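Participant: based on what follows, work out the 3D shape:
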Amino acid sequence: MPISILIYLGVAVLGILGGVLVNYLSDILPVDPATLHPRCSNCRAKRSFKNYLYYPGKCRTCQLTLPKRIWIVNLILVVSALLIYSFPPDGIGFLLGIVIILYFVSIMVIDIEHRIIPYSLIIAGIILGFITGATRVGIGAAIFGGIIGLLIMLFIYAIGIVFIKLSNRLRASQLNEPALGFGDVLLGGVLGLMIGWPEIFNGLILSILIAGAFSLLLLLIMLVARKYEFGTAFPYAPFLIIGATYILFF
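Facilitator: Modelled structure (predicted):
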């Protein structure tokens, strides 16, 4: 078997292991970061690590079917690993690129499923962001990018709080959940460290435009289905991640 094929198989295996890690972290960090054993969401029985390879596909105790997220994440990580190996991003390289993707996918999964960004991932992101930014653009540009990313997201967060207060005064229905969480604000700083100045500005603008397009599409779908509710919120971190991924890898 040619060496190149063996290398690609090794990269694919690395992607699968990365998917197992992301699925594992996505199950324990939002619920109980102190535990080492993920548990079934239904019966709380300990889940086998084999489940993260989607075998068997059910809980051994209550037979609850495991979420399709497990194999979707595994597939995404395998494809990402192969693409990053074939087209290593400038200034990052293969290994650091894989770590960044693992971090990005973990945040996206947790934010989509639980609407939170664990502070443990923020702390890890600060370290990863500093290493990535220093490697790509230098320490000074990375730190300044982190500050700018944090301030921009903090400004948007403040606008969201003001909007909720004004809306609650003018409408009978009350909004309690801000469109942007403080975890998103901190993530903006982390991404600023990774991307650096001035590219973080472009990354955040791209994220805002993508989020706006998604909001418009969601609004039209809900109006057509007659299920529109004022103040419908959705996780924002995935859009920040998409913008950062484009800047870092394309």
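
Participant: can you give me the helices in this protein?
Facilitator: Secondary structure of the chain (DSSP state H): helices located at 3-28, 69-86, 94-114, 119-136, 139-170, 182-195, 199-224, 237-249.

Participant: report the rounded mean pLDDT for the shortest one.
Facilitator: It stands for helix 237-249. For helix 237-249, mean pLDDT rounds to 96.

Participant: same check on the fifth one?
Facilitator: Over the span of helix 139-170, the pLDDT mean works out to 88.

Participant: who are the packing partners of it?
Facilitator: Other helices and strands packing on helix 139-170, by 3 or more C-beta pairs under 8 Å, 6 or more residues apart in numbering; DSSP states H and E, are helix 119-136, helix 182-195, helix 199-224. Backbone N, C-alpha and C define where each C-beta goes, glycine included.

Participant: now mean pLDDT and mean neighbour count too, for these, in JSON lines please.
Facilitator: Putting those into JSON lines (pLDDT from 0 to 100; neighbours: other C-beta atoms under 10 Å) gives the following:
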{"stretch": "helix 119-136", "mean pLDDT": "96", "mean neighbour count": "18"}
{"stretch": "helix 182-195", "mean pLDDT": "96", "mean neighbour count": "25"}
{"stretch": "helix 199-224", "mean pLDDT": "89", "mean neighbour count": "15"}
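
Participant: in a markdown table: those helices, plus distance to residue 15.
Facilitator: Output for those, formatted as a markdown table (distance: least, C-beta to C-beta, whole Å):
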| stretch | distance to residue 15 |
| --- | --- |
| helix 119-136 | 18 |
| helix 182-195 | 21 |
| helix 199-224 | 25 |
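
Participant: of the helices of the chain, which is nearest residue 61?
Facilitator: Set against residue 61 and scored by C-beta to C-beta, these come closest in helix 3-28, at 15.8 Å.

Participant: for that closest one, buried residues please.
Facilitator: 11-12, 14-28 (16 or more other C-beta atoms under 10 Å).
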